[in-house]
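A.B. asks: sequence and predicted structure, then a few things I'm wondering about:
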Amino acid sequence: MTNQIIQAILLGGYYALLACGLSFMFSVMKIINLAHGSLLVLAGYLLWFLAEHYHLSPFVGLLIVTPLMMLIGWALQAFLLEKSARGGELLPILTTFGLAIVIENLLFEHFGANTRSLAPYIGDLSWQSWELFSGVYVGKTSVYILVTAIIILGSLQLFMKKTPLGRQIRATAHDPDTAGIVGINPKKASAIAAALAMGTVAISGLALGVRGVFDAYSGGPQLLFAFEATIIGGVGSLWGTLIGGIILALAQTIGANIHPQGFLLGGHILFIIILLIRLVLAKGGVSHRMKAAFGGAK
Amino acid sequence: MSQWTNSVTIQRWTPSSRYAIVFAGLVLVLLALAPLFASNGLLDRLTALFIYVILAAMWNALAGYGGLISVGQQAFFGLGAYFTIRIADLGLDPFISVALAALIVGVISYPISLVMLRLKGGEFAIGMWVVASILHLMVNLDGLIQGETGISLVSLNHYDSAQRLTIIYLLTLGSMAGLLALLFFVLRSKTGSAIQAIRDNEEAATSVGVKPEKTKQLLFVIAAFGIGVAGALWLTSATTFLPKTYFSVQWSAYMIFMVLVGGIGKFEGAILGAIIFFLVETWFSSTGVWYLVSLGAIAIAFSLFLPKGIWGELERRFNWHFLPVGYQVVEKNKINTDKK
């Protein structure tokens, strides 16, 4: 029981790490990036490619892949999101969904149907563990992933709150035109935000490959995990994403205990329950019900 | 003011749209007679085309008129097929099962709409994907389906193969025509005007007494029912139910492609998009992955550079209104004669 809870918390850290880039983009740019999962898998493949063909440890590979992903983030903003965001809030959903299809099928074309993992390239680390207390072991990679998630979410939070650049990004997200008047370059601020988000996606890609296996079409499920963690934790709160990830993992663990096939179902159903709670708690929702119940004016 | 109202009039039909309706009727009659002369292979392909038209029209109803982008409509496609299997297993005729299954999908979509329609924009889009995922996993729990191994609609064997093909063909043609007519009349009705008002500006629409929730629910349920019909019919023509294939997000990708290319929010656009998708699929699907890459890339290109799609562009250039669902204000002395 204790063991299961601890493992679930570690898994939650992994989900939070998957969700970093999505949550960041959603909260500061108001864009849900449907290509998030596929981009994450792309990062995983890039790390795998460097490890397989150039014998670079994935940790060293990250030094190459992170800047590369940031460049992709910048390009994404400059050529896709910038233009689609101007066409209304629905257009980015369509363009990023189209992008996801392009990326995953290109990956399939190039890397084929075999599943890949980064675990073979990190040596003993992939199976090493600490004994927390008698009989309860935690995998070292799982712990590192949780710690990384905390560090990234914490630094993003600090960056957005304390630095001038973070303030510029927030101002741009709030109102790009007014931000422009006070001397901020909105295009630059958005491009930096997108680059940052994709930089974290590179790290998420490492976690994906270290923790398990992936193939070209793994992006969809990863997107759902990341999205659920973000929504459960509450949009706009980066720390919420960490909590959201952990709650998601706990729900999956409970689901798996109820039924052998209940792991994924547990997480999804919790997501729907959270939505229901959100509806009931929503200010408009409650006051509307009060009015309806007490025959208010309307 | 009175001068202004005297000089204009409201037009709902244009001469070209009257011809278009007659033409559409003739095409339908011709298609209905097709089993008399067309080959089995052609009938089979046309059945697929009709299902694409249904899918595109339904996704367009939701996105183009309701302003609701969903990447989870495969939920209802899969459910339509699943309930057909379930009901046929009780010993009912497979084609009666199709009808019942679609009705059940429509009924189930109502409670789903209550929760999901409170989500906005991208949250609704992925939220629907989560719903599809839940339904997929729940269907897998049913022992009858045997997990991802799937199951066949064996009761179809009661019909000999030529007869079966003709029945499926005519049933699909009829469903397509019926669903398009339903959509056309809903969109032209008072509710339709409300629907389009909400899409264009929800706050303004609410201020003149439109109830956004009710109208969006109506669209959601119609779309779910229509896609349920499509899933059930697809099962009859493919005979095997594999949960993974029916609940695949690829169906949403196809719907989005068809509607974006044809013209989002244009009644004719969805039909045109389905025909284009059908031709692209016929010619290029053998290229496998590159075909899918192109679908995604074309969808991006259209949403960025031609957001109204091909039909929107034609409508703008030639002022074509073949199946008009809106109102047009025209000056009295030059009532639309389609020669602008």
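C.D. replies: Alright, I've got the coordinates. Residues are numbered from 1 along each chain as shown, chains lettered A, B, ... in the order given.
A.B. asks: please, which helix or strand holds the nearest residue to B:Tyr291 once chain neighbours are set aside?
C.D. replies: Distances taken as CB to CB, 6 or more residues apart in numbering or on different chains place B:Phe284 nearest to B:Tyr291, at 4.8 Å, with adjacent residues excluded. Bear in mind the C-beta positions are built from the backbone N, C-alpha and C, glycine included. According to DSSP states H and E, B:Phe284 maps onto helix B:267-284.
A.B. asks: residue contacts, the nearest residue to B:Tyr246 once chain neighbours are set aside?
C.D. replies: Sequence neighbours aside, B:Gly78 is the residue nearest to B:Tyr246 in space, at 3.9 Å (criterion: CB to CB, 6+ apart). Applying CB atoms under 8 Å, 6 or more residues apart in numbering or on different chains to B:Gly78 gives the contacts B:Ala132, B:Leu135, B:His136, B:Val139, B:Gly231, B:Pro243, B:Tyr246, B:Phe247.
A.B. asks: how much space is there between B:Ser286 and chain A?
C.D. replies: Between B:Ser286 and chain A the distance is 15 Å, computed by CB to the nearest CB, to the nearest Å.
A.B. asks: show the pLDDT at that residue.
C.D. replies: For B:Ser286, the pLDDT comes out at 84.
A.B. asks: could you pull up phi and psi at B:Ile69?
C.D. replies: Taking degrees, to the nearest 10, you get phi -90, psi 120 for the backbone angles of B:Ile69.
A.B. asks: residue numbers of the stretch 101-250 of chain A in contact with chain B?
C.D. replies: A:Ile101, A:Val102, A:Asn105, A:Leu106, A:Phe108, A:Glu109, A:Gly220, A:Leu223, A:Leu224, A:Phe227, A:Glu228, A:Ile231 (CB under 8 Å from any CB of the partner chain).
A.B. asks: the third one: how many residues sit nearby?
C.D. replies: The burial count assigned to A:Asn105 is 23, neighbours taken as other CB atoms under 10 Å in any protein chain shown.
A.B. asks: could you say which helix or strand contains it?
C.D. replies: Using DSSP H and E, A:Asn105 maps to helix A:91-111.
A.B. asks: check the gap between B:Leu171 and B:Trp283 for me.
C.D. replies: Separation of B:Leu171 from B:Trp283 (CB to CB, to the nearest Å): 27 Å.
A.B. asks: who has more neighbours out of those two?
C.D. replies: The residue with more neighbours, out of B:Leu171 and B:Trp283, is B:Leu171; 20 against 10, by other CB under 10 Å.
A.B. asks: list the buried residues of the helix or strand containing the more buried one.
C.D. replies: B:Leu171 belongs to helix B:161-188 when assigned by DSSP H and E. Neighbour counts using 16 or more other CB atoms under 10 Å in any protein chain shown place B:164-173, B:175-177, B:179-180, B:183-184, B:186-188 of helix B:161-188 among the buried residues.
A.B. asks: again, but for stretch B:267-286
C.D. replies: Buried residues in stretch B:267-286, counting neighbours by 16+ other CB under 10 Å, are found at B:267-278, B:280-281.
A.B. asks: stretch A:150-157 now?
C.D. replies: Quick answer for stretch A:150-157 (16+ other CB under 10 Å): A:Ile152, A:Leu153, A:Leu156.
A.B. asks: pretty sure the first one sits in a helix.
C.D. replies: Yes - inclusion of A:Ile152 in a helix is indicated when DSSP: H, G, I helix; E, B strand; the rest coil is applied.
A.B. asks: to the chain's geometric centre, what's the distance from whichever strand or helix holds B:Met258?
C.D. replies: Per DSSP H and E: B:Met258 is located in helix B:250-262. Relative to its chain's centre, helix B:250-262 lies at 10 Å (CA atoms, centre = their mean, to the nearest Å).
A.B. asks: may I have stretch A:12-19 as CSV, with CA atoms only?
C.D. replies: The C-alpha trace of stretch A:12-19 is given here as CSV (Å, rounded to 0.1, in the frame of the first residue of the first chain):
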residue,chain,number,x,y,z
GLY,A,12,3.1,11.7,-11.0
GLY,A,13,6.5,13.5,-11.1
TYR,A,14,7.0,11.9,-14.6
TYR,A,15,3.5,13.2,-15.7
ALA,A,16,4.3,16.6,-14.4
LEU,A,17,7.6,16.6,-16.4
LEU,A,18,5.6,15.5,-19.5
ALA,A,19,3.2,18.4,-18.9
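A.B. asks: ok, residues contacting it?
C.D. replies: For stretch A:12-19, the external contacting residues (CB under 8 Å, 6+ apart) are A:40, A:142, A:145-150, A:152-153, A:203-204, A:207-208, A:211, A:222, A:225-230, A:241-242, A:244-250.
A.B. asks: so where's chain A uncertain?
C.D. replies: Where chain A drops to pLDDT under 70, the residues are A:283-298.
A.B. asks: now the most centrally placed residue in it: how far from A:Leu156?
C.D. replies: Compute the mean C-alpha point of chain A, and by CA atoms, centre = their mean the closest residue is A:Ala19, 1.6 Å away. Remark: distance between A:Ala19 and A:Leu156 (CB to CB) = 12 Å.
A.B. asks: same question for B:Leu156.
C.D. replies: Note on B:Leu156: its distance to A:Leu156, by CB to CB, is 56 Å.
A.B. asks: could you do A:Asn185 as well?
C.D. replies: As judged by CB to CB, A:Asn185 and A:Leu156 stand 21 Å apart.
A.B. asks: can you tell me the element residue 41 falls in?
C.D. replies: All of this refers to chain A. Assigned by DSSP H and E, A:Val41 falls in helix A:36-54.
A.B. asks: actually chain B
C.D. replies: Using DSSP H and E, B:Gly41 falls in helix B:40-60.
A.B. asks: any idea of the mean pLDDT in the helix or strand following that helix?
C.D. replies: Later in the chain than helix B:40-60, the nearest helix or strand by DSSP H and E is helix B:74-89. Averaged over helix B:74-89, pLDDT sits at 95.
A.B. asks: and the angle for helix B:74-89 with helix B:250-262?
C.D. replies: 130 degrees (axes from the mean of the first three to the mean of the last three CA atoms, to 10 degrees).
A.B. asks: the inter-axis angle of helix B:74-89 versus helix B:40-60?
C.D. replies: 130 degrees.
A.B. asks: next, the buried residues of helix B:74-89.
C.D. replies: B:74-88.
A.B. asks: let me know the closest of those residues to B:Val115.
C.D. replies: Using CB to CB, B:Ala75 comes nearest to B:Val115 of the buried residues of helix B:74-89, at 13.0 Å.
A.B. asks: can you tell me how far the residue in the stretch 101-250 of chain B positioned nearest to chain A sits from A:Thr96?
C.D. replies: Proximity of the stretch 101-250 of chain B to chain A (CB to the nearest CB) peaks at B:Gly122, 3.0 Å away. Computed with CB to CB, the distance linking B:Gly122 and A:Thr96 is 9 Å.
A.B. asks: neighbours of A:Ile6, how many?
C.D. replies: Look at A:Ile6: counted by other CB under 10 Å, it has 16 neighbours.
A.B. asks: actually A:Ile32, not the one I typed
C.D. replies: 25.
A.B. asks: mind checking which helix or strand A:Leu276 is in?
C.D. replies: Assigned by DSSP H and E, A:Leu276 falls within helix A:262-281.
A.B. asks: mind checking pLDDT for the nearest residue to B:Phe322 once chain neighbours are set aside?
C.D. replies: For B:Phe322, ignoring the flanking residues on the chain, the nearest one in space by CB to CB, 6+ apart is B:Ala20 at 3.5 Å. As predicted, B:Ala20 sits at a pLDDT of 81.
A.B. asks: thank you kindly, that will do.
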